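Asks: task: produce atomic coordinates for the following.
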Amino acid sequence: MITIRNNNSLMAEIERIAEVAGYLWTKGWAERNGGNISVNVTSLMSEEEKTLPALCPAIDLLTPMEVLSNHIFYVTGTGKRMRYVAQDPFANGSLIRISSDGKSYEIIAEQPIVPTSELPSHLMMHNYLRGLGRDIKVVVHTHPTDLIGMTHCKPFLDSEKLTRTLWSMIPESRIIVPKGVGIVPYEIPGTLALAEATIRQLEKHDVVFWEKHGILAVGEDIIECFDAIDTLSKSAQIYMNARMCGYEPEGMTDQQLDDLVPAFGL
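Replies: Predicted coordinates:
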């Protein structure tokens, strides 16, 4: 009998997902069932594990994901709380396998937990970025209060303005998020329109703000995705604390920001 619990590499990655889910909750970024995570774990599974029987009938995708043919993802479940993902990731998420034609998926472990309603968005991003040859394995979506708050302010609905403000609050923002941030005007959560608009921003950025909704980060490592959002959140807090002192923060100068580029190989 195949037991994925015996796969140390896979279980180590699941534990890291649970770790990040716990961070999202304790940060106050995952109210109720807010936020979702998907991680491509295909490379961590044996050929035998990749052919595990489905736990339920195949579920059609809204649009084909040919580049993801036979890929396997851990995905948090719809209606599931991050605080519970942290405690028991397989009771609050599942492993899904994309069909060979990319038109459907099956749940293969460990329980038939229905994936997040944002699954179409996640898979479209994975499909698009992998199609570009980028080894993106992780998509993290969460609701940082301070960063969402900035999207309620019209001046920050401009990617260049938002990036410049966050970069200028602390050097690490430019270092850890060197591509800056994109922003998507408000779209209904879970829709293909939201996914398509996000993909356009991912052509230039690894972190995208969804107006009045949340933040999304993509990358090869789930801890790095969390760290990018966490660093931007710190920048937002610095900005807001300065404003509460009664001043518009000066921020780092253009020269100070530019000096980071050769110093850190950005």
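
Asks: all helices for the stretch 101-250 of the chain, in order.
Replies: 119-131, 145-150, 159-167, 171-176, 192-202, 222-244 (DSSP state H, counting those that start in this stretch).

Asks: and those, which is most packed in?
Replies: Among the helices of the stretch 101-250 of the chain, helix 119-131 has the highest mean neighbour count (mean count of other CB atoms under 10 Å), at a mean of 22. (Each C-beta comes from the backbone N, C-alpha and C, glycine too.)

Asks: before we move on, back to that, turn the helices of the stretch 101-250 of the chain into a markdown table, columns for mean pLDDT.
Replies: Formatted as a markdown table, these follow (pLDDT from 0 to 100):
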| stretch | mean pLDDT |
| --- | --- |
| helix 119-131 | 94 |
| helix 145-150 | 97 |
| helix 159-167 | 97 |
| helix 171-176 | 96 |
| helix 192-202 | 93 |
| helix 222-244 | 97 |
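
Asks: okay, now the nearest residue to residue 105 once chain neighbours are set aside: neighbour count?
Replies: Counting by CB to CB, 6 or more residues apart in numbering, residue 105 lies nearest to residue 96, which is 4.7 Å off, once chain neighbours are set aside. A count of neighbours around residue 96, defined by other CB atoms under 10 Å, yields 24.

Asks: now residue 96: which helix or strand?
Replies: For residue 96, the host element (DSSP states H and E) is strand 93-98.

Asks: angle of that strand against helix 119-131?
Replies: Note on geometry: by axes from the mean of the first three to the mean of the last three CA atoms, to 10 degrees, strand 93-98 and helix 119-131 are set 50 degrees apart in direction.

Asks: any idea which of the helices of the stretch 101-250 of the chain gets closest to residue 216?
Replies: Of all these, helix 192-202 sits nearest to residue 216, with 6.5 Å by CB to CB.

Asks: what is the closest one packed up against?
Replies: With contacts taken as 3 or more CB pairs under 8 Å, 6 or more residues apart in numbering; DSSP states H and E, helix 192-202 sits against helix 119-131, strand 181-184, strand 207-210.

Asks: off-centre distance for it?
Replies: Here helix 192-202 is found 13 Å from its chain centre; the criterion is CA atoms, centre = their mean, to the nearest Å.

Asks: then that helix to PDB, C-alphas only?
Replies: Extracted in PDB, the C-alpha atoms of helix 192-202 (Å, rounded to 0.1, in the frame of the first residue of the first chain):
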ATOM      1  CA  LEU A 192     -11.100  34.100 -14.500                       C
ATOM      2  CA  ALA A 193     -11.100  37.900 -15.000                       C
ATOM      3  CA  LEU A 194      -9.100  38.300 -11.800                       C
ATOM      4  CA  ALA A 195      -6.700  35.500 -12.800                       C
ATOM      5  CA  GLU A 196      -6.200  37.000 -16.300                       C
ATOM      6  CA  ALA A 197      -5.500  40.500 -14.900                       C
ATOM      7  CA  THR A 198      -3.100  39.000 -12.400                       C
ATOM      8  CA  ILE A 199      -1.200  37.100 -15.000                       C
ATOM      9  CA  ARG A 200      -0.600  40.300 -16.900                       C
ATOM     10  CA  GLN A 201       1.000  41.800 -13.700                       C
ATOM     11  CA  LEU A 202       3.100  38.600 -13.200                       C
END
